[in-house]
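In: generate a structure from the sequence data that follows.
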Amino acid sequence: MKKEIKYEEAVRQLETIVKQMEDGDLDIDSMSKELKTAQQLIKLCKDKLTKTDKEIKAILQQEE
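Out: Below is the predicted model:
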């Protein structure tokens, strides 16, 4: 997985993985690999959201 991936791309990849799992398109080996990828993507999204939240709060506090 690329190190610098945009939030929107990470979400698209997660949606693809979920769809494949729901549709039963993954064998057991692929499912394990995709689940690990999904975990990394979820962490990336969470980190980006947390960082953005902190930045927004800092900007809003500067205006007060």
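In: ok, how many other residues are close to Ala10?
Out: 20 (other C-beta atoms under 10 Å). (Glycine included, C-beta is placed from N, CA and C.)
In: and the longest helix for this structure?
Out: helix 28-63 (DSSP state H).
In: got the buried residues for it?
Out: 34, 38, 41, 44-45 (16 or more other C-beta atoms under 10 Å).
In: and that helix, what does it pack against?
Out: On a contact count with 3 or more C-beta pairs under 8 Å, 6 or more residues apart in numbering; DSSP states H and E, helix 28-63 meets helix 7-23.
In: report the rounded mean pLDDT for the helix it packs on.
Out: In this model, helix 7-23 has a mean pLDDT of 96.
In: what's the offset of it from the middle of its chain?
Out: Distance of helix 7-23 from its chain centroid, counting by C-alpha atoms, centre = their mean, to the nearest Å, is 9 Å.
In: what lies in contact with that helix?
Out: Contacting residues not belonging to helix 7-23 are listed as 5, 25-26, 31, 34-35, 37-38, 41-42, 44-45, 48-49 [C-beta atoms under 8 Å, 6 or more residues apart in numbering].
In: can we see that at 10 Å?
Out: 1-2, 5-6, 25-26, 30-31, 33-35, 37-38, 40-45, 47-49, 52 (C-beta atoms under 10 Å, 6 or more residues apart in numbering).
In: ok, stretch 51-64 next?
Out: Tyr7.
In: what is the mean pLDDT for that stretch?
Out: On average, stretch 51-64 scores 91.
In: grab the nearest non-local neighbour of Asp25.
Out: Once flanking residues are discounted, Asp25 sits nearest to Lys19: 8.0 Å by C-beta to C-beta, 6 or more residues apart in numbering.
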